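K.L.:
sequence-free structure coming up:
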């Protein structure tokens, strides 16, 4: 059964990405706009809040598909959402070859929880924004749904 990204997942991504309605170069020098949208973005581009949200919904679909494809165990919605945000930020290739995915697929939830924070570096150095994002993902991942 295929899972979908929830409203709580979108809130996490929106908070972590922040919204910028004018294009800018991200930390890697890539033109970006909205909530981390990069496809076809150019200098001096602008968008509305509604367009930024529409792009986010489109852009997260590849992360949703990757998590559904790579994860072989049953997840709760919080675990799924945390993994989608992780994948949206870092790419499906990084998820596919991560220790995080190995632990998830073995059902080793506590080990998986601790793997998130290992992905907090940019250019080889811990980055405060990524550290906060990984902690938020880990917290959501570990949250029990009752």
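P.N.:
Okay, I see it. Nothing here was measured: the structure is a model prediction, and the numbers come from that model. Residues are numbered from 1 along each chain as shown.
K.L.:
Given the worst-scoring helix or strand of the chain on mean pLDDT, what are its sheet partners and their directions?
P.N.:
Lowest on mean pLDDT, DSSP states H and E among the helices and strands of the chain sits strand 121-122, with a mean of 86. Here strand 121-122 is paired, per DSSP bridges, with strand 125-126 (antiparallel).
K.L.:
Can you name the next helix or strand after the partner strand?
P.N.:
Next in sequence after strand 125-126, counting helices and strands by DSSP states H and E, comes helix 128-142.
K.L.:
who touches that following helix?
P.N.:
8, 12, 15-16, 78-79, 81-83, 85-86, 89, 109, 112-114, 116-122 (Cβ atoms under 8 Å, 6 or more residues apart in numbering). Heads up, the C-betas are built off the backbone N, CA and C, glycines and all.
K.L.:
The least confident helix or strand of the chain: how far from the chain's middle?
P.N.:
For strand 121-122, the separation from the chain centroid amounts to 15 Å (computed by Cα atoms, centre = their mean, to the nearest Å).
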